[in-house]
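Trainee: got a structure for you, letters missing:
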């Protein structure tokens with residue numbers, strides 16, 4: 001359903017965050033004068049309220065209590081699960097549920113799109129693909145789960161859209177990507193999806209949306225290999241006959257790619273992201289050697305293994321974008337030659353950290369500090385698995401206290417790493433806010449350019 005088809009319908013926008021307000025701005029532009037109802041479970045900030053306008057209705061109430069079947073169309077912000085009872089009931093009553101991403105695809109049927117998902121690495125890979133394409137002289141828009149909402153982007157003269165998609169966005173997405181990408185898959189967001197099977201199905205939805213078009217898949221992920229085994233024409237990476245990351249190097253088949261140092265891609269896990277990005281770029285028509293040369297100029301994302309600086313002989317690294325235990329384990333691996341004090345914790349979704357304990361034992365930090373809500377449970381899990389860092393396991397009341405504690409237990413020459421392995425809310429607005437506050441508490445300020453990028 002596109003904006004023109006929404007004229008005259010009773011429409012509710014669910015959520016007043018970035019995506020919800022993006023939808024409101026877009027529909028106002030396309031359908032001037034039409035009234036909309038905005039539904040949220042908490043009072044929006046004053047700066048958000050200022051954008052509403054006089055003839056739009058705002059309802060502040062629980063989605064479990066509201067009568068959503070009063071509307072013809074619900075536009076679901078990504079953070080609101082379509083599996084909630086109220087939304088399921090509305091669907092059964094004949095209400096159409098549309099996501100902002102689905103609306104964008106309906107409005108841009110001829111846009112050339114690259115859609116990327118995975119449990120980890122999707123932000124780095126998406127931004128790296130955008131960089132490689134732009135370095136080849138193409139006009140690129142990077143959007144979706146990373147950067148600006150799709151509906152807020154200037155769509156004039158774009159050669160390629162690089163779109164990061166979370167499982168929240170994929171759950172009910174209707175789209176026809178030109179290139180679809182599956183990086184990896186491990187349990188995550190189980191509270192939102194309900195269980196592991198639903199989460200996996202929602203992520204793998206992208207393979208179905210690819211239809212007969214290009215699908216790029218990580219051959220080093222058995223779950224993905226099994227999921228697309230039936231499909232012909234899949235483009236693989238991390239396979240011996242393809243672009244792959246092996247032994248800390250990049251290869252094209254048996255030929256080693258001469259990359260030199262890649263300061264924007266620290267850690268072996270980022271070489272896998274680079275292999276994916278090179279595969280995607282070549283599928284989009286960029287020459288391999290040209291793409292390899294562009295790797296050198298790539299800058300790491302502001303909140304992904306971002307070295308903030310050094311204070312009193314201690315380095316501080318901001319990996320706030322890490323919201324899963326597998327991402328935290330990858331961060332520790334990338335700093336395996338450092339003395340590390342790790343800060344973990346955030347929203348507690350009950351994710352099982354047990355499958356990652358072997359890697360925590362292999363790349364054990366010198367100390368671990370847990371912050372609410374999940375931090376205390378995580379350090380308890382570490383202790384139960386016999387992981388006892390030299391400088392101990394600690395619980396802190398909040399992030400600021402955790403940094404003070406980290407300074408006291410980390411020796412000169414050591415590194416304090418924020419890699420929470422958990423989402424940022426409710427303590428922070430998002431991972432960007434968490435990363436900015438971490439930087440501020442550590443005595444650093446992000447540069448204006450970094451603030452804009454984040």
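Mentor: Done, it's in. This structure is a prediction, so every number in the text was calculated from the model and none was measured.

Trainee: in this protein, where is pLDDT below threshold?
Mentor: Within the chain, the stretches falling below the threshold (pLDDT under 70) are 53-55, 187-194, 447-454.

Trainee: what's the neighbour count on residue 374?
Mentor: For residue 374, the neighbour count with other CB atoms under 10 Å is 23. (C-beta placed from N, C-alpha, C; glycine too.)

Trainee: so how far is residue 152 from the nearest residue to it once chain neighbours are set aside?
Mentor: Distances taken as CB to CB, 6 or more residues apart in numbering put residue 348 closest to residue 374, at 3.7 Å, once the chain neighbours are dropped. According to CB to CB, to the nearest Å, residue 348 and residue 152 sit 32 Å apart.

Trainee: follow-up on the earlier one: tell me, how many residues neighbour the residue nearest to residue 374?
Mentor: 16.

Trainee: list the residues that contact it.
Mentor: Counting by CB atoms under 8 Å, 6 or more residues apart in numbering, residue 348 touches 373, 374, 377, 422.

Trainee: A helix includes it, no?
Mentor: No - going by DSSP: H, G, I helix; E, B strand; the rest coil, the assignment for residue 348 is coil, not a helix.

Trainee: how about it, phi and psi?
Mentor: Phi and psi for residue 348, reported as degrees, to the nearest 10, are phi -90, psi 110.

Trainee: likewise residue 20?
Mentor: The phi/psi pair for residue 20 (degrees, to the nearest 10) is phi -60, psi -40.

Trainee: tell me where the stretch 1-150 of the chain has strands.
Mentor: With DSSP state E, counting those that start in this stretch applied, the stretch 1-150 of the chain shows strands at 11-14, 37-40, 57-60, 73-76, 96-98, 113-117, 140-144, listed in chain order.

Trainee: correction: the stretch 301-450 of the chain
Mentor: 306-311, 314-318, 340-344, 367-370, 393-395, 415-418.

Trainee: out of the strands of the stretch 1-150 of the chain, the one nearest residue 284 is which?
Mentor: Nearest to residue 284 among the strands of the stretch 1-150 of the chain is strand 113-117; the distance by CB to CB comes to 6.6 Å.

Trainee: picking that back up, measure the residue nearest to residue 374 to residue 315 for me?
Mentor: From residue 348 to residue 315 the distance is 29 Å (CB to CB).

Trainee: from what I can see residue 119 touches residue 184, true?
Mentor: Yes - look at residue 119 against residue 184 with CB atoms under 8 Å: they come within range, at 5.5 Å.

Trainee: about what we covered before: and the strands of the stretch 1-150 of the chain, which is most packed in?
Mentor: Among those, strand 113-117 has the highest mean neighbour count (mean count of other CB atoms under 10 Å), at a mean of 27.

Trainee: distance of residue 2 from residue 21?
Mentor: According to CB to CB, residue 2 and residue 21 sit 19 Å apart.

Trainee: looking at those two, which one has more neighbours?
Mentor: The neighbour comparison of residue 2 against residue 21 (other CB under 10 Å) goes to residue 21, with 22 against 15.

Trainee: quick one: buried ones out of the contacts of residue 348?
Mentor: Among the contacts of residue 348, those classed as buried by 16 or more other CB atoms under 10 Å are 373, 374, 377, 422.

Trainee: what about the closest residue in space to the first one that isn't next to it in sequence, distance to residue 96?
Mentor: Spelled out, it's residue 373. Closest residue to residue 373 apart from its sequence neighbours, by CB to CB, 6+ apart: residue 348 at 4.3 Å. To residue 96, residue 348 is 34 Å away according to CB to CB.

Trainee: isn't residue 200 up against residue 223?
Mentor: Yes - applying CB under 8 Å, one finds residue 200 in contact with residue 223, separated by 7.3 Å.

Trainee: which one's more surrounded, these two?
Mentor: residue 200 (20 against 14).

Trainee: check contacts around that one.
Mentor: Counted by CB under 8 Å, 6+ apart, residue 200 has contacts 185, 223.

Trainee: what do you get for residue 292?
Mentor: Residue 292 touches 250, 257, 258, 259, 278, counting by CB under 8 Å, 6+ apart.

Trainee: is it correct that the last one falls within a helix?
Mentor: Yes - residue assignment for residue 278, taken from three-state DSSP, places it within a helix.

Trainee: one step back: which of the contacts of residue 348 sit farthest apart?
Mentor: Pairwise distances across the contacts of residue 348 (CB to CB) peak at 9.9 Å, for the pair 377 and 422.

Trainee: distance between the ends of stretch 406-414?
Mentor: 10 Å (CA to CA, to the nearest Å).

Trainee: then stretch 90-97?
Mentor: Start-to-end span of stretch 90-97 (CA to CA) is 9 Å.

Trainee: how far away is residue 297 from residue 18?
Mentor: Using CB to CB, residue 297 is found at 29 Å from residue 18.

Trainee: rewinding a little: which one among the contacts of residue 348 gets closest to residue 327?
Mentor: Using CB to CB, the contacts of residue 348 come closest to residue 327 at residue 422, 10.1 Å.

Trainee: correct me if wrong: that closest one contacts residue 345.
Mentor: Yes - between residue 422 and residue 345 a contact is recorded at 5.7 Å, counting by CB under 8 Å.

Trainee: identify the contacts common to those two.
Mentor: By CB under 8 Å, 6+ apart, residue 422 and residue 345 have these common neighbours: 373, 374, 375, 378.

Trainee: beta partners for residue 235?
Mentor: residue 216 (DSSP bridges).

Trainee: quick one: neighbours of residue 265, just the number.
Mentor: The burial count for residue 265: 25, using other CB under 10 Å.

Trainee: quick one: classify it as helix, strand or coil.
Mentor: coil.

Trainee: with the one 10 residues further on instead?
Mentor: Per three-state DSSP, the secondary structure class of residue 275 is helix.

Trainee: wait, doesn't it sit right on residue 239?
Mentor: No - applying CB under 8 Å, one finds residue 275 not in contact with residue 239, separated by 9.7 Å.

Trainee: which residue of the two possesses the greater neighbour count?
Mentor: residue 275 (26 against 15).

Trainee: what residues does that one make contact with?
Mentor: If you count contacts by CB under 8 Å, 6+ apart, residue 275 has them with 237, 238, 243, 244, 245, 250.

Trainee: now it: how far from residue 269?
Mentor: The value you get for residue 275 to residue 269, if CB to CB is used, is 11 Å.

Trainee: and residue 35, how many neighbours?
Mentor: Using other CB under 10 Å, residue 35 has 12 neighbouring residues.

Trainee: quick one, phi/psi of it?
Mentor: phi -90, psi 140.

Trainee: for the nearest residue to residue 383 once chain neighbours are set aside, list each beta-bridge partner.
Mentor: Take residue 383 and drop its neighbours on the chain: the residue closest to it by CB to CB, 6+ apart is residue 393, 5.9 Å away. Taking DSSP bridges as the rule, residue 393 bridges to residue 368.
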